[in-house]
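Colleague: Just a sequence and a predicted model for now, questions to come.
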Amino acid sequence: MLENYHKVYLPAIRKQPGFVSVTLLKLRTESQGKAPAGCPYRLIISFQTEEQRVKWVATDTHQKVWPTVENTLLGPKFIALLYDPVA
């Protein structure tokens, strides 16, 4: 997972129009409550607009690199949650 993130996914997403940031978080500990089972990582991506993020997902590049990320996952593939910043 980590090698793929650094060598494949990160270089591809950084080149996209409207890209702001991407962070891969690794669960350290459950300090309160129970973490979702089988979810040791969280991928947080940010684009200037939702439209730019949607365009990234539709690119040929994303269609090539995302399956390489999915192939590193065990158990349920992933969940996707969309958040908006609060001013």
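Modeller: Received it, and whenever you're ready, just let me know what you need. Here the structure is a predicted model, which means the values were calculated and not measured.
Colleague: Spatially nearest residue to residue 12, not counting backbone neighbours?
Modeller: Leaving aside its chain neighbours, residue 12 sits nearest to residue 65 (4.6 Å; criterion: Cβ to Cβ, 6 or more residues apart in numbering). From N, CA and C alone the C-beta is placed, and that goes for glycine too.
Colleague: Give the other helices and strands that whichever strand or helix holds the one you found contacts.
Modeller: Assigned by DSSP states H and E, residue 65 belongs to helix 60-70. Packing contacts for helix 60-70, counted by 3 or more Cβ pairs under 8 Å, 6 or more residues apart in numbering; DSSP states H and E, involve helix 10-14.
Colleague: now do 10 Å
Modeller: helix 2-4, helix 10-14, helix 50-58 (3 or more Cβ pairs under 10 Å, 6 or more residues apart in numbering; DSSP states H and E).
Colleague: Could you figure out how far that helix is turned away from helix 50-58?
Modeller: If you take axes from the mean of the first three to the mean of the last three Cα atoms, to 10 degrees, helix 60-70 sits at 70 degrees to helix 50-58.
Colleague: which residues are contacting helix 60-70?
Modeller: Helix 60-70 is contacted by residues 1, 4-5, 7-13, 15-16, 41, 43, 55-57, 59, 77-78 when judged by Cβ atoms under 10 Å, 6 or more residues apart in numbering.
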